[in-house]
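>>> Pasting a predicted model and its sequence here:
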Amino acid sequence: MLKLTDDGAKITLQGAPATADNGLFWFGSALLIGAIAVALAMSLLPERLSIGALALLVVGSFIFNRQRQRRKAAQSGIISTGTLWVQAGKLIHDNQGRRATIELGISDKVTLFGEQLQILDGEGTRKYHISGFDTVQEAKAAQAILQGQAITKRNANIKMSEQ
């Protein structure tokens, strides 16, 4: 839902929240069971086998943390739910009380793909992917405001003026 404000617009995104990664959950569960098995092995097996089991647990933990960090980094630029406060050159994303301010750089580009926006840096690398708009007009209005175009509302029609 789009509501115009004095300095931009407030847009409520209706996208689906990011799904949980079951693979990481099960891998984490396996690490927990492995930790219990290592504790048992250390009390029952000879020293060399116990140290080997502990080394396997450490390597598994390292792999788990790397995968978790990669997943977190991949999800950091995806916005699909919450409220966007869009202003010229910046937007504020409010998602369940957590606010993040995103300022556009001089070389950043805002591109429109159907009902989705992408913010790209100067080299064309994706910084943010915004989805969950109700209509294409909401996405176009957000793009226009971010690019600094003035938007006025007349009789429930939104007009974008070229500057």
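Yep, that arrived.

>>> what's the helix or strand for S61?
helix 47-75 (DSSP states H and E).

>>> List the residues that contact the closest residue to I92 other than its chain neighbours.
Closest residue to I92 apart from its sequence neighbours, by CB to CB, 6 or more residues apart in numbering: W85 at 4.1 Å. Where you see a C-beta, it was placed from the backbone N, CA and C, and this is true even at glycine. Contacts here follow CB atoms under 8 Å, 6 or more residues apart in numbering; on that basis W85 touches T5, G8, A9, K10, L91, I92, D94.

>>> From the centre of the chain, point out the most distant residue.
Most distant residue from the mean C-alpha position of the chain: P46, 47.4 Å away (CA atoms, centre = their mean).

>>> How much space separates that residue from D121?
56 Å (CB to CB, to the nearest Å).

>>> Point out where the protein drops to low pLDDT.
Low-confidence segments of the chain (pLDDT under 70): 17-21, 152-163.

>>> So which residues of it form helices?
22-44, 47-75, 136-146 (DSSP state H).

>>> Select, out of those, the one closest to Y128.
helix 136-146 (10.6 Å; CB to CB).

>>> how far is that closest one from where the chain is centred?
Helix 136-146 has its C-alpha centroid displaced from the chain centroid by 19 Å (CA atoms, centre = their mean, to the nearest Å).

>>> For burial, what's the neighbour tally of the residue lying closest to A35 once chain neighbours are set aside?
Nearest non-adjacent residue to A35, counting by CB to CB, 6+ apart: L57, 6.0 Å away. Neighbour count for L57, taken as other CB atoms under 10 Å: 17.

>>> which ones are touching L57?
Going by CB under 8 Å, 6+ apart, the list of residues near L57 reads L31, G34, A35, V38.

>>> Of all pairs in those residues, which one is the farthest apart?
Checking the contacts of L57 with CB to CB, the most distant pair is L31 and V38, at 10.1 Å.

>>> Between the two, which has more neighbouring residues?
A direct count of neighbours by other CB under 10 Å for L31 and V38 places V38 higher, at 20 against 14.

>>> Specify the beta-bridge partners of the most centrally placed residue in the chain.
For the chain, the residue lying nearest the average C-alpha position, counting by CA atoms, centre = their mean, turns out to be I78 (3.0 Å). Beta bridges link I78 to H129, judged by DSSP bridges.

>>> wait, isn't it in contact with H129?
Yes: I78 lies in contact with H129 (CB atoms under 8 Å); the separation is 5.2 Å.
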